[in-house]
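> Okay, sequence plus prediction incoming.
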There are 2 protein chains.
Amino acid sequence: QPWGRYWDRWLMMALIGVAVGLVGYFLHLSVHILAAIKYHGTRWLLSHTHVIVGWVFNITFSLALVYASTWLVVNIAPEAGGAGVAEVTAYLNGCFMPKILNIRTFAVKFLSAATAVGSGLPVGPEGPMIHMGAIVGAGLSQGHSTTLGIDSGLFRRFQNPKDKRDFVTAGAAMGVAVAFSAPIGGLLFVLEEIASFWQQSLGWQIFFACMMAVLTSDTMRSMQAAIGEGQFGMFDSVFFEVKTQLTTHVLMVVPAAAIGIICGICAIIFTLINLKVARARQEFFKGRPAKWRMAEPCALIVIFVTLGMILPLFFPCTPTQCVIIQGETKPLCPEGTPQDIKRIVEDSTELYTCSRTAHDSEIPPEWDPDGKGGGSGSKNISVPKAYNELATLMSVPGEDAIRHLFSRGTHREFGYAAIIVMLIFYFLGAAWTAGSAISSGVFVPMLLIGACIGRLVGLVVVDIAAAHGAGSQGAPPGVFLPPSPWAWIDPGAFALIGAGAFMGGVTRMTLALAVIIMEMSNDVRILLPVMVAIMIAKFVADAATHSLYHGLLEVKCVPFLPKDPHSTISLDLVEVRYVMAAPVVTLREQMRLGDVRDVLRKTRHNGFPVVRDTPQGGVCVGLVVRDHLMKLLVEAVKRGTCQHLEVPFSDLNRQFVDASALESEAAQQMAVLEGRPLTPAHFPNDPSLWDEPLDLTPYINTSAVRVPESFTLERAYILFSTMGLRHLVVVDEHNRVRGMVTRKDLLGYKLDEAVKRSRSGGPLASQ
Amino acid sequence: QPWGRYWDRWLMMALIGVAVGLVGYFLHLSVHILAAIKYHGTRWLLSHTHVIVGWVFNITFSLALVYASTWLVVNIAPEAGGAGVAEVTAYLNGCFMPKILNIRTFAVKFLSAATAVGSGLPVGPEGPMIHMGAIVGAGLSQGHSTTLGIDSGLFRRFQNPKDKRDFVTAGAAMGVAVAFSAPIGGLLFVLEEIASFWQQSLGWQIFFACMMAVLTSDTMRSMQAAIGEGQFGMFDSVFFEVKTQLTTHVLMVVPAAAIGIICGICAIIFTLINLKVARARQEFFKGRPAKWRMAEPCALIVIFVTLGMILPLFFPCTPTQCVIIQGETKPLCPEGTPQDIKRIVEDSTELYTCSRTAHDSEIPPEWDPDGKGGGSGSKNISVPKAYNELATLMSVPGEDAIRHLFSRGTHREFGYAAIIVMLIFYFLGAAWTAGSAISSGVFVPMLLIGACIGRLVGLVVVDIAAAHGAGSQGAPPGVFLPPSPWAWIDPGAFALIGAGAFMGGVTRMTLALAVIIMEMSNDVRILLPVMVAIMIAKFVADAATHSLYHGLLEVKCVPFLPKDPHSTISLDLVEVRYVMAAPVVTLREQMRLGDVRDVLRKTRHNGFPVVRDTPQGGVCVGLVVRDHLMKLLVEAVKRGTCQHLEVPFSDLNRQFVDASALESEAAQQMAVLEGRPLTPAHFPNDPSLWDEPLDLTPYINTSAVRVPESFTLERAYILFSTMGLRHLVVVDEHNRVRGMVTRKDLLGYKLDEAVKRSRSGGPLASQ
C-alpha cells in the first residue's frame, strides 16, 4: 500500500537525486579544472621563468576568479552569499527566508562557488552544495519556475508547504551526500543539524535519494576516468581515503581527548571571530553602496596569494631521505641508509619541490632491492629529492592539503613550524573569508584547521614515544610502521581525529560527523577515538558559545528554535500562560470583508484564532493564517465580489519561487490593504465590496492545536519542535481564547523572562 | 548550563555504558569458551578415535547446554525466552510489558543465551544482548532492586516513566553497539527500530553511552589478548573484518539488485514460517504443562547436531590446490601450478579438513618462491591439503561460518551444492528455533542466510564472467584479483551485500543496517551496492508482510503503534471522532473515596478525564491515570483516612522492578477494590472511610492534550507517536468531554474501520 500511494514521491526523490548528483559532479569538475590551471600554470612558470612572472600569473588569475565570484553575488543574487547552510536550516525550522530557493540564487551559487573555490581562497564547495541541493529539491518538486515562465503542470500534489519542506530537506541531504561521497552521512546530517521534525517514511525516502545522488555522481566521475584511462565504471569515491589501517590502541583515547579539548577551545575562538567579523561587516557596509562589498574578497585573495608565495621562502629545503611505499615494511632510500628515515613520500600526494624539476623523476632501479617493487603501480611513483614543507601545504588546493595531513606512515613529513604557520594562516584566513560576499563553505577550512591541530598533537606524541626509545625494528626512534605495537602513534591518524573534533566544536554535530568522517576516510577502526574527540570538543565548546550556524542566524535576527530549549531551570515547572501573547485579535467565521482588511492592516500577526459566538461566549473553532486571508482579499478585489469566492487549496499554499512574482504579489496585497485599486486598470473598484460578508469557514484549520493555560512550557516546546507548529492557541476551561504562543515567544531570552515571572508570581506576558 | 543541569544524567549513561560493555564481554567470553570446548573436543575425538565417539560427545555436550538453557527459561523466567527485541520495542512504544525489565529475567537471559549459542543451535547472542542492555539501563538508573532488597537511595530523580524510558532506550542501543562492535549502528538501531520518540539531547547522551560501552568491551578483550600474547591495549574490534577492499563498479548495482529481490522474497518466506511456527507453538502448548516446552529445543539440537555431522559425508574431499595469501598477487601452489587455481584459503579462517591432521601443517619453504613470504605473519598460515566444503560451513560456530562466506579472493572455495544445502538447512533450522523456549536472537542466522544467498548470486556472476573469458593475468577464467578491473566480481563481497539485504527484508531497517554492515565489515567502499540491495529487499518485503518484530508482537496481541500509520487512504481526511471511544467515564476534582473505588472496579480504562462543573456544564480540566488512583486508594486504606493524604510524585510513578513486589502490590490493590481489608491485620478497616472526600487536584495532569472532534486522525497519530501519549481527550467547542482516544484505537484495523465509517458517513465509534 505505501508504495502504491507514494510511488510519485519516490520517483520525485530519484529525479532530485540524479539532478543533485549531476550538479555535484559538474561543480567538482569546474573547481578541479580552475584549480589545475592555477596551480599547474604557476608551477610551470616558476620552474621555467622568473619568480615574478609566476606571481603575476597566479595573482591575476586568482583575482579574476574572485572578482567574477563576488560580482555575481553582489549584483545578481545577494542571497547566494555565504554557505547557505544556516539559511536552509532556518527555512526548515519554519522561518520565512525570502528568495533563498530561487533559481537565480542557484545559478549564482554554482558559478560563484566554482570560481571562489578554484581561486584558492580558504573556502570549500560543500556548504554551497547543500544549499544547491535544497534549491534543486524545491524547484523540481514544485514543478514550476516563474522566473523561467515554466509551469510543467506536473506534481501539483506536492505544491503544499509540508511536501515542499520534505523535498528541501531531502535536497540538502543529497547535497552533503554528494559533497563528501557520504550517503549515510548526508541523511544523518539533515537529521541531526537541519531537519526540525522527522518522520520514518521521509527517512527512507531520503536514504533512497542520497543513494541515487551518490550513484549518479560516482558514475559521472567514472565516465570521466574512462576518457583518460579507458576503464568505465570503477567507483573511486572515497574522498580522503586512508590506505594504511591502524589498529586502535586503548591509550589512543588520551591524545584523542587532548585533541578534543584543544579543538573545542579553538572552535570557540573560531566561532567568536567569525561572528565578530560578521557583525563588523554588517555594521561597516550598512548604508554604503553594495559595490563596496566586492572589495573585501578581492583584497583577501591578494593577501592570501602573496603570503602563500612569500611565507614558504622562510622555510629551508628539506631533503627527502627515505621513501616508504604504502604496504611495504622496508623503507627505500636514495643513499640506502635505512637508519636515516626522516621524510616519507606517498604516491597519493605530490610534494611542492624546492628543486623545481625533481618531481618528475622515477624511482631508479637501484632503489628497488629485490626487483619486486611491492604492490602494483608503485613503480610509477615520483619522488622529489627535496621539498619545502610549507609550500607543500600552501600551494595546493585545500583538499590536497588535507590529504597530505591525513597521510599515514609519514610521521615527520611536516615539522612543528610548518604546521603552526599553516594553522594560524588558515585559521585567520578562513574566519575572515567566511561570510564575505562570495558563495563559499567552511567545511574544507574546518577539516584543514582540525587536521593541523591533530597533527601537531600527533607530533608531540611521536616525540614522547621516541624519547622513550619506542620504534620499529631497524628504524630510528619515533618511526613506527604497522607491524609494530606502536603503529597507532601516527600523526596522520591524529590529523583525522582533529578534523572531526574541530568540526564537532564548530557545528556541534556528533553522530552525523562521526559517520561522515568514517565514510570519507574509509577507516572504521579509528571510529572510537574520533567519537571521543568529537564528544569532548562539543562539550568544551557548548560551555561557551552557540554553534556557528545558530550564531550566524542570531546575527541575522532569524527566530530559530533549537531542538532543545536553552533555559536555566526546567520548563516543566512553568505554565504556558507566562509566555503567551494576550489579548489576541480574533476573527469570526462570517465577517465583513472590510473588517478582515482592517484587521490585517492594523496588526502584523501571522495567525488569527477564529471564534464562534455561543450563549456561553465566544469559543475557539480554529485558526486562519494571514497569508491565506491576504490571498482571499486579493481574489475578492479581482472579482469585485465575495459571492462564490473559491480559492483552491493548492493556490492558497503556492509560494512564488521567483522574486519578481513575489514582489508583484506583495504590491497587490499592499494595494488592497491600503484601499487603493489594484494596478491593472480593469479591476473593478467598488467600495460596496468591502461591506460584503466573507465566509471564512473553508479556510479555517480546525486541527489547530489548542492547549489550556496550565499546559507546561516543556510540552509546548516539544509540540512546536516535533510537529513544526507556528501557532498555538491558548484557551481557558470553556475553550475561550486567552492567548497565542508563536515561535518568537519560545526563543531563549523570552523563556528566561517567563521563568523569572513565573517564579516571582509576577504578571503574565503582555502584548 | 546543559552540563550543569544534566551532569548526573551523563554520569549515569557512562555507568550503564561500562556495565553493558562488561556484560557483552562476559557473554562473548562464555559463548566462546563453550563453543571452543564443543568444536575442538569433537574435532580432537574425530581425528584420534572413532567417529561414533565424536558424535556421542558432541550430542551429549550440546544437549546438556540446551537443556540448561531451556530449563532456566521455562522454570525461572519465561519472560527471558526469545530475543526480547520485540518486547523492548513494545515497552518503549508505550505498551505495558510485565516483568521484562526484571533482574531475574536478566540473569536467566545471560545464562540461557550463553548456553544456547554455545551449543551450536542456529541462534545468535545479539538479540538477548539488546534486551540485557535495556534491563541494565532500567536497573541502574532506577537505583533499586526489590528482589535483592537494595535501595541505593541515589538517582531518585530518575524514578519517573520518562527518564526510565530514556535509559532503557540507551541500554538497548548499547546492547547493539557491544554485540556488533558498532557504536554508531547501535544509536541508529534504536532511532530507526526501537525508540518511538526522540529528542536531540537524548541522542547525544546515547552516542556517548554507546562509545563508553564499546570502549569497555574492547578494553576487556584487549586485556584478554594481553594474557595470551603479552600486548595490552590493541583493539581488534571489527567483527567480520574485510581485509581486501574492492573498488566498487557501477555494474555491481545489477547483481546487488538481484540479491535484493531474492533476499526480499526469502525474507517474506522466513517471516511467514516464523510467525506460523510461533502461532502453532502457542496453540500446541496452550493448556499443556510448561515442562513440555523444554522438549522442543532439545529435539532441535539433536536433529541439528546429527544432520550437521551426516550431511557433509555426502560431499567429497576437495583438494586445496592453490593458496593466495591476502595482499599478494601471485598464488602459492603446492604443486607449483598456477593455472590450477580452484581453492583458496585465508589465514583468518580455519578449514574443517578431510585429512583430519593436515591443518596443522605450515607452509613448506618450497611454496614461498622468493623467500619473502608476502606480508607479516603469513608464514604461520596453516594450509590443509584437502577440505570438506559443507563441514567447513557447518561444523563451526555461526560467526565463523559468516567469516568464511564473507572472505574475499576465495571465489570457488564453496560450490553451489554446499551453499544451497547450508542455506536450506540453516533457513529452516533458524525459522523453527527462533521463539522456542530458549533465549536466542536471529541476527546471526539472518546474516548467515543472507550471506549464503549473496554468495550464490556471486558464483553465478563469476560463472557468467568466466564464460566471457574475463580473468586475471596468468589465472584461469573466473578468478579475478584486486588489480584486475573485474576484481569487483567477488562472491565474498556479494555475501556481505546479501547479509545486509536479508536483514533489511526481515527487519525493514535501512539506515541502521547499512551503518552496522559498514562498521562490522570495515568496508566503506561497498556501501552503495549494500544500500541498493537493502532498499530493494525492504520494498519487496513491504509488499507482502509486516516486519518480523511487528508480526511477533501481533501474535502476542500487543498494541504496538508503528511510526507511520498503515492505512489505505490518507488519514488527513478522517476526523478523530470516528475512532474515539464514547461515552467516557469521567471523574470530578473532589469525589467520595467509595465512588473512586467503584469507578475503578467497574471499568478497565487506564485514564480518566477529570471534569469541573461550571454553569455551562462540565468542562475538562485534565486527566488522571488509573495507576495513580490505585496507589492513592491503597494509601488511604493503609492510613484509614483521606485527611492530609499525600503521596510523593516519585512514589506514584515508581514501578516495581521485581516480580514479587509487583504481585503483592497487585494483591493489595485488588483487595482494596473488592472491599476486603489489606492482608496485614493491623490495617484499620473502617467502612466510613469510603464516604470521605478525596481531593484529586494534586494528581491531575493538567497538561494532558485535548483536541476538538474535528482534529484530523493524521495529526492525532503524530501526537501519539512523537509525544509518546497514551490518552487523548476529545472535547467539543465548550471543552466538554466527548470521547477518548487510546493507542488501541489507532491500530491498523481500527483505522481502516474508521476510514470506512467516515466515508459512508456512518455512525461514530461506540464503546
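Now that the structure is in, tell me what you want to look at. A quick note: this is a predicted structure, and the numbers were derived from the prediction, not measured. Residues are numbered from 1 along each chain as shown, chains lettered A, B, ... in the order given.

> Show me how chain A divides into domains.
A:2-146+A:158-229, A:251-315+A:397-555, A:316-387, A:571-760 (automatic domain parsing).

> how about the longest one, does it reach chain B?
Yep, that's domain A:251-315+A:397-555 we're talking about. Yes. Part of domain A:251-315+A:397-555 sits near chain B under the criterion Cβ under 8 Å from any Cβ of the partner chain, namely A:251, A:253, A:483, A:485, A:488, A:510-511, A:514-515, A:518-519, A:522, A:524-525, A:527-528, A:531-532, A:535, A:538-539, A:542-543. Bear in mind the C-beta positions are built from the backbone N, C-alpha and C, glycine included.

> Just the buried residues from those residues, in ChimeraX please.
Selection of buried members from these for ChimeraX, criterion 16 or more other Cβ atoms under 10 Å in any protein chain shown:
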select /A:251,253,485,488,510,511,514,515,518,519,522,524,525,527,528,531,532,535,538,539,542
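
> So which of the residues of domain A:251-315+A:397-555 next to chain B sit within helices?
If you go by DSSP state H, the residues of domain A:251-315+A:397-555 next to chain B have A:253, A:511, A:514-515, A:518-519, A:527-528, A:531-532, A:535, A:538-539, A:542 in helices.

> so residue A:79 makes contact with residue A:100?
Yes. Using Cβ atoms under 8 Å, residue A:79 makes contact with residue A:100 at a distance of 5.3 Å.

> Overlap in contacts, these two.
Contact with both residue A:79 and residue A:100 is made by residues residue A:87, according to Cβ atoms under 8 Å, 6 or more residues apart in numbering or on different chains.

> which residues does residue A:588 contact?
If you count contacts by Cβ under 8 Å, 6+ apart, then residue A:588 has A:610-613, A:696 around it.

> So what sits opposite it in the bridge?
Beta bridges link residue A:588 to residue A:611, judged by DSSP bridges.

> Distance to residue B:498 added to the domains of chain A, as a markdown table?
Shown next, in a markdown table, are these (distance: least, Cβ to Cβ, whole Å):
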| stretch | distance to residue B:498 |
| --- | --- |
| domain A:2-146+A:158-229 | 18 |
| domain A:251-315+A:397-555 | 20 |
| domain A:316-387 | 29 |
| domain A:571-760 | 37 |
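
> Which of those has the lowest mean pLDDT?
Among these, domain A:316-387 carries the lowest mean pLDDT, at a mean of 45.

> any idea how far residue A:590 is from residue A:695?
6 Å (Cβ to Cβ, to the nearest Å).

> can you give me the strands in the stretch 351-500 of chain A?
Here the stretch 351-500 of chain A has its strands, by DSSP state E, counting those that start in this stretch, at A:386-387.

> Can you show me the helices along it?
Assigned helices in the stretch 351-500 of chain A, in chain order: A:389-394, A:398-406, A:416-433, A:443-467, A:491-507 (criterion: DSSP state H, counting those that start in this stretch).

> Tell me which of those sits most buried.
Highest mean neighbour count among those (mean count of other Cβ atoms under 10 Å in any protein chain shown): helix A:491-507, with a mean of 31.

> how much does that one deviate in direction from helix A:398-406?
130 degrees (axes from the mean of the first three to the mean of the last three Cα atoms, to 10 degrees).

> and helix A:491-507, how far from the chain's centre?
17 Å (Cα atoms, centre = their mean, to the nearest Å).

> Quick check: which helices or strands does the longest helix seen in chain A pack against?
Taking DSSP H as the criterion, chain A has its longest helix at helix A:2-48. Other elements packing on helix A:2-48 under the criterion 3 or more Cβ pairs under 8 Å, 6 or more residues apart in numbering or on different chains; DSSP states H and E are helix A:51-75, helix A:103-119, helix A:126-142, helix A:161-180, helix A:200-229, helix B:527-542.

> Restricting to C-alpha, output the following helix or strand past the fourth one in PDB.
Just to be clear, that refers to helix A:161-180. Downstream of helix A:161-180, the first helix or strand assigned by DSSP states H and E is helix A:183-189. Only the C-alpha atoms of helix A:183-189 are listed here, as PDB (Å, rounded to 0.1, in the frame of the first residue of the first chain):
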ATOM      1  CA  PRO A 183      25.300   8.900   1.500                       C
ATOM      2  CA  ILE A 184      24.600   7.900   5.100                       C
ATOM      3  CA  GLY A 185      26.400  11.000   6.400                       C
ATOM      4  CA  GLY A 186      24.100  13.100   4.300                       C
ATOM      5  CA  LEU A 187      21.000  11.600   5.800                       C
ATOM      6  CA  LEU A 188      22.300  11.900   9.300                       C
ATOM      7  CA  PHE A 189      23.400  15.500   8.700                       C
END
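
> Okay, and the nearest residue to residue A:560 once chain neighbours are set aside sits in which element?
Excluding the flanking residues, the one nearest residue A:560 by Cβ to Cβ, 6 or more residues apart in numbering or on different chains is residue A:553, at 4.6 Å. Taking DSSP H and E as the criterion, residue A:553 maps to helix A:548-555.

> Show me what that helix is in contact with.
With Cβ under 8 Å, 6+ apart as the criterion, helix A:548-555 contacts A:82, A:85-86, A:89-90, A:193, A:270-271, A:274-275, A:278-279, A:282, A:435, A:442, A:506-507, A:545-546, A:560, A:562.

> From those residues, which land in strands?
Using DSSP state E, the subset of the contacts of helix A:548-555 located in strands is empty.

> Report the buried members of those.
Using 16+ other Cβ under 10 Å, the buried ones in those are A:82, A:85-86, A:89-90, A:193, A:270-271, A:274-275, A:278, A:435, A:442, A:506-507, A:545-546, A:560, A:562.

> Return the subset of these lying in helices.
Reading helices off the buried ones among the contacts of helix A:548-555 with DSSP H, I get A:85-86, A:89-90, A:270-271, A:274-275, A:278, A:506-507.

> Residue A:220: how many residues sit nearby?
Applying other Cβ atoms under 10 Å in any protein chain shown, we find 17 other residues in the vicinity of residue A:220.

> Please list all residues in contact with the nearest residue to it once chain neighbours are set aside.
Spatial nearest neighbour of residue A:220, chain neighbours left out: residue A:25 (4.0 Å); criterion: Cβ to Cβ, 6+ apart. Taking Cβ under 8 Å, 6+ apart as the criterion, residue A:25 is in contact with A:178, A:216-217, A:220-221.

> What separation do you get for residue A:25 and chain B?
14 Å (Cβ to the nearest Cβ, to the nearest Å).

> Next one: that residue from residue A:181, what distance?
11 Å.

> And for residue A:554?
32 Å.

> Likewise for residue A:580?
Residue A:580 is 48 Å from residue A:181, by Cβ to Cβ.

> Ok, residue A:608 next?
Computed as Cβ to Cβ, the residue A:608 to residue A:181 distance reads 48 Å.

> go on, residue A:607?
From residue A:607 to residue A:181 the distance is 43 Å (Cβ to Cβ).
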